[in-house]
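Colleague: model the structure of this input:
(one chain, ligands or ions: 1)
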Amino acid sequence: MRALSSADILRVWEGGASQHPLDRALTLLTVTGERRTDLARLPIGERDRRLWELREATFGSAVEALTQCPACGGRIEFQFSVSDVRVPCCDARMAEPELIDEDWCIRFRLPGSRDLAAIATASGPSRAEAELAAQCLVSAGRNGSESSTAEVPHDVWEAMQRKMSELDPQAEVSFALSCPICRHEWHALFDIAEFLWTEITTFARRLLREVDLLARAYGWSEREILTLSPARRQGYLELASA
Ligand SMILES: [Zn+2]
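Modeller: Got it, this is the predicted structure:
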């Protein structure tokens, strides 16, 4: 995975600013040259594995994250490395897995961006989970005969959802945190798509300020300023501000 250049960062920031978070994640990955429709089919864990790689290539492997204690609202900072959370690639996860549960045989696919987009308007988390499971069901059979979605019993749906999580562990990264203020302990989910987007936004705004300053000082175009190496740009910024 190559790092995003300064020009890439401004381009994805401009393109993603008005998009839904699911689309933004894909916009970030289209920089790799892959088609958006192909990226939308990737299981969320595979999408996230690529986002972690993009993050590491662009901003490095050290991550400093910030969250809020759900009990007292205190600010919690925690640090980790991308290698601590990255799950190795596994081609088997791309296929349509099978679940055998007593006399039921279920084939499904792991949820991707297009599946999450299809259930985005579902009312409530339990409704969304049920709609997502139905969306990802490829076929259902009982004792060798094909069955409809409506015939699949609740416990088989639940087993299928558990298997989806097991087969795509990169889709859910969480941290066991403890609040230093009130001692509350909890598991915090970490959304790489949201985190990387926030970093891109901060970096893009900084770039705009730098372009503004250098364009005023030297009369260079945006394109000329963005092609300067970061070290050279920083050098001119210091001279322009002296
Ligand atoms: Zn607390």
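
Colleague: mind checking which helix or strand of this structure has the lowest mean pLDDT?
Modeller: Taking mean pLDDT, DSSP states H and E as the measure, the chain has helix 125-136 as its least confident helix or strand, at a mean of 84.

Colleague: how about the residues of the chain by the ion?
Modeller: 69, 71-72, 74, 179, 181-182, 184 (Cβ under 5 Å from the ion). Every residue, glycine included, has its C-beta placed from N, CA and C.

Colleague: turn those residues into JSON lines, columns for neighbour count.
Modeller: As requested, the residues of the chain next to the ion are exported to JSON lines (neighbours: other Cβ atoms under 10 Å):
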{"residue": "69", "neighbour count": "20"}
{"residue": "71", "neighbour count": "13"}
{"residue": "72", "neighbour count": "11"}
{"residue": "74", "neighbour count": "14"}
{"residue": "179", "neighbour count": "18"}
{"residue": "181", "neighbour count": "12"}
{"residue": "182", "neighbour count": "11"}
{"residue": "184", "neighbour count": "15"}
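
Colleague: dump these to CSV, plus secondary structure and pLDDT.
Modeller: Formatted as CSV, these follow (DSSP: H, G, I helix; E, B strand; the rest coil; pLDDT from 0 to 100):
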residue, secondary structure, pLDDT
69, coil, 95
71, coil, 95
72, coil, 96
74, coil, 94
179, coil, 95
181, coil, 93
182, coil, 96
184, coil, 96
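
Colleague: tabulate those (TSV), appending distance to residue 234.
Modeller: Formatted as TSV, the residues of the chain next to the ion follow (distance: Cβ to Cβ, whole Å):
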residue	distance to residue 234
69	37
71	42
72	40
74	35
179	38
181	38
182	42
184	42
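
Colleague: tell me the buried residues in the next helix or strand after the least confident helix or strand of the chain?
Modeller: Per DSSP states H and E, the first helix or strand lying C-terminal to helix 125-136 is strand 137-142. In terms of neighbour count (16 or more other Cβ atoms under 10 Å), strand 137-142 has its buried residues at 137, 140, 142.

Colleague: next: stretch 145-165.
Modeller: Quick answer for stretch 145-165 (16+ other Cβ under 10 Å): 147, 152, 156-157, 159-161, 163-164.

Colleague: which outside residues touch the least confident helix or strand of the chain?
Modeller: 108-111, 115-116, 118-119, 122, 149, 157, 160-161, 164 (Cβ atoms under 8 Å, 6 or more residues apart in numbering).

Colleague: quick one: which of the residues you listed sit in helices?
Modeller: Among the contacts of helix 125-136, the members falling in helices (DSSP state H) are 115-116, 118, 157, 160-161, 164.

Colleague: is it possible to get JSON lines of those residues that adds distance to residue 3 and pLDDT?
Modeller: Below are the ones in helices among the contacts of helix 125-136 laid out as JSON lines (distance: Cβ to Cβ, whole Å; pLDDT from 0 to 100):
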{"residue": "115", "distance to residue 3": "30", "pLDDT": "90"}
{"residue": "116", "distance to residue 3": "27", "pLDDT": "90"}
{"residue": "118", "distance to residue 3": "33", "pLDDT": "87"}
{"residue": "157", "distance to residue 3": "42", "pLDDT": "90"}
{"residue": "160", "distance to residue 3": "38", "pLDDT": "91"}
{"residue": "161", "distance to residue 3": "36", "pLDDT": "89"}
{"residue": "164", "distance to residue 3": "32", "pLDDT": "89"}
